[in-house]
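Student: model this:
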Amino acid sequence: MSGNANKFSFLNSKTIHIIILVAVGILCYSNTFNVPFQWDDIDLIEDYPIVRDLSYFSEPSKASHLDSYGALINRYIGYLTFALNYKIHGLDVTGYHIANVSIHVINAVLVYIFVILTFKTPFFSESHLLARSKLIAFFSALFFVSHPIQTEAVTYIFQRLASLVTMFYLLSMLCYIKYRLLHTEGSNSSGKTYILRFRAFCWWLSASVLFAVLAMKTKENAFTLPFIIALYEFSFFNGQIKGRLIRLVPILLTLLIIPLSMVDFDRAQANIITMVVDAARGERRISRPDYLFTQFRVIVTYMRLLFLPVNQNIDYDYPVFHSFFNPQVFLSFIFLFSAFCFAVYLFYRSRITDHGLRLTAFGIFWFFITLSVESSVIPIPMIINEYRVYLPSVGMFSGIIAGSFLMIKKFRSGHVQTFILSFLVVITLIFSYTSYSRNTVWGSQKSLWEDVVKKSPNRARSYYNLGCMYLTEGLMDKAKENFQIALKLRPDFADAHTNLGIAYRGEGMIDKAIEHYFTALKLKPGDADIYNNIGNALRIKGMTDKAIEYYLTAVKLKPDDADTYKNLGDVFGTKDLPDKAAEYYSISLRLAPDVADTHFKLGNIYYKKRLFKDARRELEIALILKPDLLQARHLLSQMYK
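Tutor: Numbers count the residues shown, from 1 in each chain. Below is the predicted model:
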């Protein structure tokens, strides 16, 4: 580069690039390390049996009776990372956030390397953009790491699945590119050099397949990876079609992984669907055509958010469209079709004009293909989620930045070059500030759901989740107010009735609570949590035998619910049946081993039965988990006298 470009020459150092990427990533998310578990984090991490017990990952069949079995089988790697976090950090959120931010920063570096390697492919050997390849890679990665749309995939702990699958996805891509570059460089090699290169070929190809497997066992949208690699092969490498297809065979075979993970279709697939529906908490079910029509509009929203990230929301109040000829749907389709045709045109033009157009075309194709699993004809209860754009954004950002540098080449003006580079720096600063600001909204459940209520005032679930937050804090009046608003907006909202019942129970209005529980049960007859809550209310009224009936129904419906087993232990304890109580406390602790109160109660039973060794064990664990548990400390002191 020359002229005014020298003003930015310091940016041509790869080391400086990586240092800046890491620094920007950490700064953007520096206020997230104490963000509490939010929304599905509670159900799918904090209270999830497979996260609490690492043994399920060494022997998955042990979880075959659990509702979470489908998640374990289909998203094994993703949940393994949560289980390791839990093993090391328990419920301390800092460790989870360090992992999430680290993955995001690593992904930014991988995006940088991906673009660098792309410019080393045969297609770009004579490109005018080759001299600017490091800057294109740097700004592509910089946009990726700083853009506020990524906050949901990074700050929302459970959506680590989106960033983790992207990491394996990119690693598989990079290993494949290295494999192909070695093959290209070594086409004329012979003798010992050829043998060494052959070993390197095998290593890089094996690594690519391995990372593809890890991606597909993290999240289902990795199914698109072999298609993206095939597209990359035919976009940037040369050779006979037959030979290139043969080289792709190991990667293409990974397409079988996700279908084979669902060999037990009735169980594994049903459990995945149940998990997603439960996570959505009352989200409506949508037909395939309606979902497809709506996604045309949703994808346009995603594109708008990439260019203008304002009014971000964790729970959009998004309309469902029922006709392709609805003006919003039809115009969105025309826009998306035009964008796709534009990519085809750029792809064609790149053969006869500047090769840089090929990267922009590839980026647009990447965006559409990687989004296809979640934004096509497969209905997902939540219509729109920002974290779904995390992987697609890689292609979009690299394409946008490549296009920007093509403008620099076209105008051949130092002033234009300075202006565009300065503009990219300013945009990065704006993105970084916006990401940091967006992360402050995630700082508490209260700020997050108040933000949602403000942006989605007609969304019943928004008020429901705000009510849940107030319920957790013991603010019963505010909790009831929000649950009642939710029920006005959606009278058949069973979970709102259930939690309204819990609020009334907290105020001692047991009959009113039971009334709402039974209303919820009519709306959602197979819900184990409702049976558990009815059991709690009946126990307060002294109807212990009836309470046991409801608890037993609850554990039959949901055999991995530690709380219900604990409640059974409590009720049998009040009936002076210590052996039965100990049995249910033990089951509860197998499912949730870090509940101090359950350890204390089991230890108390052992103490009364004069099983002092067992009693000491349980009481000591209780004190480790909760050092200020004075009752446990008192019992231990009695035994040590």
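
Student: what's the longest helix in this protein?
Tutor: Ranked by residue count, the top helix of the chain under DSSP state H comes out as helix 414-441.

Student: Quick check: which helices or strands does it pack against?
Tutor: helix 14-28, helix 133-146, helix 151-155, helix 392-411, helix 445-455 (3 or more C-beta pairs under 8 Å, 6 or more residues apart in numbering; DSSP states H and E). Just so you know, the C-beta spots here come from the backbone N, C-alpha and C atoms, and that holds for glycine as well.

Student: any idea of the angle that helix forms with helix 133-146?
Tutor: Interaxial angle, helix 414-441 versus helix 133-146 (axes from the mean of the first three to the mean of the last three C-alpha atoms, to 10 degrees): 20 degrees.

Student: So for helix 414-441, what gets flagged as buried?
Tutor: 417-418, 420-421, 424, 428, 431-432, 434-436, 438-439, 441 (16 or more other C-beta atoms under 10 Å).

Student: and what of stretch 443-452?
Tutor: G443, Q445, L448, W449, D451, V452.

Student: Need the contact partners of that stretch.
Tutor: Applying C-beta atoms under 8 Å, 6 or more residues apart in numbering, the contact partners of stretch 443-452 are 31, 34-36, 38-39, 313-315, 440-442, 459, 462, 465-466, 468-469, 472.

Student: just the buried members of those residues?
Tutor: By 16+ other C-beta under 10 Å, the contacts of stretch 443-452 give 31, 35, 38-39, 313-315, 441-442, 459, 462, 465-466, 468-469 as buried.

Student: and the longest helix of the chain, how far out from the chain's middle?
Tutor: 26 Å (C-alpha atoms, centre = their mean, to the nearest Å).

Student: now that helix against helix 445-455, angle please.
Tutor: 120 degrees.

Student: Report the rounded mean pLDDT for helix 414-441.
Tutor: Taken as a whole, helix 414-441 has a mean pLDDT of 91.

Student: which regions of the stretch 201-350 of the chain lie under the pLDDT threshold?
Tutor: 262-284 (pLDDT under 70).

Student: Which one of the buried ones among the contacts of stretch 443-452 is nearest to A131?
Tutor: The nearest member of these to A131, counting by C-beta to C-beta, is N31 at 38.4 Å.

Student: Go ahead and report the secondary structure state at the closest one.
Tutor: When classified by DSSP: H, G, I helix; E, B strand; the rest coil, N31 comes out as coil.

Student: Quick check on it: phi, psi?
Tutor: Backbone dihedrals for N31, given as degrees, to the nearest 10, come out at phi -100, psi 20.

Student: so it touches R438, yeah?
Tutor: No - assessed by C-beta atoms under 8 Å, N31 is found out of contact with R438, at 10.1 Å.

Student: count of residues packed around F144?
Tutor: Residues lying near F144 (other C-beta atoms under 10 Å) number 26.

Student: surely it meets V394?
Tutor: Yes - using C-beta under 8 Å, F144 is in contact with V394, at 6.4 Å.

Student: Show me the shaky parts of this structure.
Tutor: Checking the chain against pLDDT under 70 turns up 1-11, 185-198, 262-284, 409, 411-414, 640-641.

Student: Now do the SS call for the residue nearest to the spatial centre of it.
Tutor: Central residue of the chain (C-alpha atoms, centre = their mean): Q159, 1.8 Å from the mean position. Under three-state DSSP, Q159 falls in the helix class.

Student: Skipping adjacent residues, who's closest to it in space?
Tutor: In space, and not counting its chain neighbours, Q159 is closest to Y387: 4.4 Å by C-beta to C-beta, 6 or more residues apart in numbering.

Student: thinking again about what came up before, quick check, nearest of the buried ones among the contacts of stretch 443-452 to V555?
Tutor: Taking the buried ones among the contacts of stretch 443-452 together and measuring to V555 by C-beta to C-beta, the closest member is C468, at 23.2 Å.

Student: How far does the helix or strand hosting the closest one sit from its chain's centre?
Tutor: Assigned by DSSP states H and E, C468 belongs to helix 460-472. Relative to its chain's centre, helix 460-472 lies at 22 Å (C-alpha atoms, centre = their mean).

Student: can you put the helices and strands packed on helix 414-441 in CSV and add distance to N532?
Tutor: Shown next, in CSV, are the helices and strands packed on helix 414-441 (distance: least, C-beta to C-beta, whole Å):
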stretch, distance to N532
helix 14-28, 41
helix 133-146, 44
helix 151-155, 31
helix 392-411, 40
helix 445-455, 22
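
Student: Minimum distance to L225: which of the ones you listed has it?
Tutor: Of all the helices and strands packed on helix 414-441, helix 392-411 comes closest under C-beta to C-beta, at 12.2 Å.

Student: Against which helices or strands is that closest one packed?
Tutor: helix 93-118, helix 133-146, helix 288-307, helix 356-371, helix 414-441.

Student: L635: which of the ones you listed is closest?
Tutor: Closest among the helices and strands packed on helix 392-411, using C-beta to C-beta: helix 93-118, at 31.6 Å.

Student: Give the buried residues for that closest one.
Tutor: Buried, per 16+ other C-beta under 10 Å, within helix 93-118: 93, 95-97, 99-118.

Student: what's that helix packed up against?
Tutor: Partner elements for helix 93-118 (3+ C-beta pairs under 8 Å, 6+ apart): helix 14-28, helix 76-89, helix 133-146, helix 151-155, helix 160-185, helix 392-411.

Student: among these, which is nearest K580?
Tutor: helix 76-89 (29.7 Å).

Student: ok now the closest one, how far from the chain's centre?
Tutor: Distance, centroid of helix 76-89 to centroid of chain: 14 Å (C-alpha atoms, centre = their mean).
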